[in-house]
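>>> what would the 3D arrangement of this be:
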Amino acid sequence: MVVREENRDTERKVIAILKVLSESSEPLGSTFIARALESHGVHLSERTVRYHLKITDERGFTEPRGRDGRVLTPEGLAELRSALVPDQVGFVIERIELLAFQTTFDPFRRTGRLPINTSLFPKDRFKEALTAMRTAFNAGLCVSELVAVASQDEKLGDLVVPEGMVGFATVCSAVANGVLLKAGVPTDSRFGGVLEMRNSHPRRFLAIITYAGSSLDPSEAYIRARMTRVRDAATTGNGRILANFREMPAAARPLVESTAAELKQAGIRGILLMGEASEPVCQIPVGLNKVGMVMLGGMNPVAAAEEAGIQADNFSESGTIDFERLVNFREL
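Below is the predicted model of the structure:
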């Protein structure tokens, strides 16, 4: 029992170190890592950090860069995303709430930071991916046509683009949570799902994963499981897309509608359907004096690329970005 607890403690320290490395585009040494860990409430000496860095090197999670320190490898990034899953139950809803709080975007002034999803495409297939994603953007199956692109060692949100990859950021639907929060409207993010589209209209959810009980973002899971048919929905009106379900007080509906109009003027849509007070939406029951809202998934274009056989490493709710960094997809 003691050995198992010691192993768990080691794993926690390893993950904490990988987290620090993931937030930097430069190699980091043990001194800087130890100081950065302190700011996260993890107190390790430089000697202890060096010991754990040897472990991460042996596992292929980090790569030494001479006297400059270490950098995170793609294997290390994957480990960071999947480690200690039991401790991350409810991680998604906590992440959405944090991003909503961190959102400073003002749709009227078109300034501030807003949440993004990040996908990492192989550099040699990025142009092909853009072509595959165009159908989804043209059909409006996206939160916004505004995107950001980053090259190796550049940062998108909390992620640093690794060697041989291109970072592609889409606007996350949590932007609505953030802007509504600033307007005084509480939003309950219930689940992410696969939504059936029939004749270009939302019909029903075919699969759902509640945010509060998940350690993995539903969109990532559905893309990986190849459960979407975004290209079909874009070209024929019939298919399966990524969507999210929100609830809010019915009394706030006028404010929600005015806020949605401001977001639309800034190039951000996202809201696919909003129901009436206490009435089901897409066959999903809604609480008393609540209004249900179906939001488009920000990663629908990426799902279209995956359907075309172009795989990417996807990271939903991957941080925030300045609105000024975004460009229209059609300009790429």
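>>> any idea of the mean pLDDT in whichever strand or helix holds residue 169?
Assigned by DSSP states H and E, residue 169 belongs to strand 165-171. Averaging pLDDT along strand 165-171 gives 97.
>>> now tell me what touches whichever helix or strand comes after that strand from outside.
Next in sequence after strand 165-171, counting helices and strands by DSSP H and E, comes helix 174-182. For helix 174-182, contacts defined as C-beta atoms under 8 Å, 6 or more residues apart in numbering pick out 96-97, 99-105, 107, 114-115, 143, 186-187, 189, 246, 248, 255-256, 259-260, 262-263, 268, 270-271, 295, 317. Where C-beta positions appear, they are placed from N, C-alpha and C, glycine not excepted.
>>> low-confidence stretches in the chain?
Residues of the chain meeting the criterion pLDDT under 70: 1-7, 40, 83-91, 215.
>>> can you list the strands that the strand holding residue 169 pairs with?
Partner strands and pairing direction for strand 165-171 (DSSP bridges) are strand 113-122 (antiparallel), strand 146-150 (antiparallel).
>>> other residues contacting it?
Here strand 165-171 makes contact (C-beta under 8 Å, 6+ apart) with 74, 114-123, 126, 129, 142-144, 146-152, 154, 156-157, 159, 161, 268, 270, 298-299, 301-302, 312-313, 318, 321, 326.
>>> 7 Å instead, please
Strand 165-171 is touched from outside by 114, 116-123, 126, 142-144, 146-152, 154, 156-157, 159, 161, 268, 298-299, 301-302, 321, with contacts defined as C-beta atoms under 7 Å, 6 or more residues apart in numbering.
>>> after the helix or strand hosting residue 306 comes which helix or strand?
Element membership for residue 306, per DSSP H and E: helix 300-307. Reading on from helix 300-307 to the C-terminus, the next helix or strand found by DSSP H and E is strand 313-315.
>>> for that next one, what is the distance to the chain centroid?
Distance, stretch centre to chain centre, for strand 313-315: 8 Å (C-alpha atoms, centre = their mean, to the nearest Å).
>>> given it, what are its sheet partners and their directions?
Strand 313-315 has the following strand partners under DSSP bridges: strand 113-122 (antiparallel).
>>> ok, the nearest residue to residue 158 once chain neighbours are set aside - contacts?
Leaving aside its sequence neighbours, residue 158 sits nearest to residue 319 (C-beta to C-beta, 6 or more residues apart in numbering; 3.8 Å). Counting by C-beta under 7 Å, 6+ apart, residue 319 makes contact with 116, 157, 158.
>>> tell me how far residue 319 lies from residue 22.
Note on residue 319: its distance to residue 22, by C-beta to C-beta, to the nearest Å, is 11 Å.
>>> same deal with residue 130?
26 Å.
>>> just the helices in the stretch 1-150 of the chain please.
2-22, 30-39, 46-59, 74-82, 91-102, 126-138 (DSSP state H, counting those that start in this stretch).
>>> got it, and the stretch 151-300 of the chain?
174-182, 218-224, 230-236, 253-265, 300-307.
>>> between those helices, which gets nearest to residue 49?
Of all the helices of the stretch 151-300 of the chain, it is helix 218-224 that lies closest to residue 49, at 30.3 Å by C-beta to C-beta.
>>> buried stuff in that closest one?
Buried residues in helix 218-224, counting neighbours by 16 or more other C-beta atoms under 10 Å, are found at 218, 219, 220, 221, 222, 223.
>>> now do stretch 117-132
Under 16+ other C-beta under 10 Å, the buried positions of stretch 117-132 are 117, 118, 119, 120, 121, 125, 126, 129, 130, 132.
>>> circling back: pipe the helices of the stretch 1-150 of the chain into CSV and attach distance to residue 201 per row.
Output for the helices of the stretch 1-150 of the chain, formatted as CSV (distance: least, C-beta to C-beta, whole Å):
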stretch, distance to residue 201
helix 2-22, 41
helix 30-39, 49
helix 46-59, 49
helix 74-82, 35
helix 91-102, 26
helix 126-138, 17
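>>> closest one to residue 290 among those?
Among those, helix 91-102 comes nearest to residue 290, with 17.2 Å by C-beta to C-beta.
>>> report all helices and strands that that closest one contacts.
If contacts are counted by 3 or more C-beta pairs under 7 Å, 6 or more residues apart in numbering; DSSP states H and E, helix 91-102 sits against helix 174-182.
>>> what residues of the helix it packs on count as buried?
Buried-residue list, helix 174-182, by 16+ other C-beta under 10 Å: 174, 175, 176, 177, 178, 179, 180, 181, 182.
>>> between the residues you listed, which sits nearest residue 50?
The nearest one, if we look at the buried residues of helix 174-182 relative to residue 50 and count by C-beta to C-beta, is residue 174, at 37.7 Å.
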